[in-house]
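Asks: just coords:
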Ligand code: AKB
């Protein structure tokens, strides 16, 4: 991995992954691909090249690949689960049409491709606890449908055309840098923002709603490590279960209260998000990722909570 194109570089994962890869790929170019209206700013803009790359326009992907001699594309363009339900046609156009465009450019120009899948690729008929790597994937959301299609299409391009496609199924990602937008797991980010700023929190999911979550530094490391893994050891490609922690709203609430004793949470349920969360696994089994490319998370709930609160207080200029 030397010259990298990140499609969706100004989004939740993209903004942090671009910076991480710019440190990692010294001597190469890491191009921040953005769409009109979401231009990179500040350090993201200043620390490396950027270019307009709308995933629905294959000629823009190809132009960036040619200009910067790109060998690896990170395809991070997607609508998150709750927003995708409101705009299913657009979710398909970006999630599947955009992936097809990316894979075609990769096939023609010899690039490797990373496209994240998600715990959302599973559905109500999937075993919910310690969900195995290879199991039933019959999601009922358009987000999940695009993710399963993406896994299958990426594996097809690897088998049929030799495109080096790899991916992981991300849990809910938690970060203090760029807020997510429109996900089902976003409450687990919003709760830290409220606690750090001394505000009360209204939780959209009911107690007992368990989902896998991960701190962003672990997720970024996974995205880099899977693309650098020895291909001879990989029995799977698209997509690996990865996991680090699973909790419900009560567990994260009590953990935060250990650090912010006056913090208050009440429930105000969002039926759409609750239905989506109920259809997703409670926890994933990530044995295959551990065996095939030595995946290992570093953050648990305690370590993440401390780090989130310290950094959010810094961000908002709050002295604890
Ligand atoms: C979402 O909630 O939509 C995402 C995901 C788990 O893929 N964070």
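Replies: Received it, and whenever you're ready, just let me know what you need. Please read these numbers as outputs of a predicted model, since none were measured by experiment.

Asks: Please make it C-alpha for all contacts and neighbour counts, starting now.
Replies: OK.

Asks: where's the residue with the largest distance to the centre of the chain relative to the ligand, distance?
Replies: Here the chain reaches farthest from its C-alpha mean at residue 262, the gap being 31.6 Å by C-alpha atoms, centre = their mean. Residue 262 sits 28 Å away from the ligand when distances are taken as C-alpha to the nearest ligand atom, to the nearest Å.

Asks: Check residue 115 too.
Replies: 12 Å.

Asks: neighbours of residue 171, just the number please.
Replies: Residues contacting residue 171 under the criterion other C-alpha atoms under 10 Å number 26.

Asks: My error: substitute residue 163 in the last question.
Replies: Here the number of neighbours of residue 163 (other C-alpha under 10 Å) works out to 22.

Asks: do the same with the one 3 residues further on
Replies: For residue 166, the count of nearby residues is 28 (other C-alpha under 10 Å).

Asks: Renumber starting at 364 from here on
Replies: Sure, I'll start numbering at 364, so the last one becomes residue 529.

Asks: Which strand or helix spans the closest residue to it other than its chain neighbours?
Replies: What sits nearest to residue 529 in space, not counting adjacent residues and going by C-alpha to C-alpha, 6 or more residues apart in numbering, is residue 600, at 4.8 Å. Counting by DSSP states H and E, no helix or strand carries residue 600.

Asks: which residues touch residue 600?
Replies: Counting by C-alpha atoms under 8 Å, 6 or more residues apart in numbering, residue 600 makes contact with 518, 528, 529, 530.

Asks: Those in helices, which ones?
Replies: Cross-referencing the contacts of residue 600 against helices under DSSP state H gives residue 518.

Asks: would you turn the contacts of residue 600 into a markdown table with distance to residue 674 and pLDDT?
Replies: Shown next, in a markdown table, are the contacts of residue 600 (distance: C-alpha to C-alpha, whole Å; pLDDT from 0 to 100):
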| residue | distance to residue 674 | pLDDT |
| --- | --- | --- |
| 518 | 39 | 98 |
| 528 | 34 | 98 |
| 529 | 32 | 98 |
| 530 | 29 | 98 |
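
Asks: Show me the contacts of residue 600 that map onto strands.
Replies: Under the assignment DSSP state E, the contacts of residue 600 contribute 528, 529 to strands.

Asks: So which of the contacts of residue 600 is surrounded by the most neighbours?
Replies: Of all the contacts of residue 600, the highest neighbour tally under other C-alpha under 10 Å goes to residue 529, namely 28 neighbours.

Asks: Would you check how far apart that residue and residue 605 are?
Replies: Counting by C-alpha to C-alpha, to the nearest Å, the separation of residue 529 from residue 605 is 13 Å.
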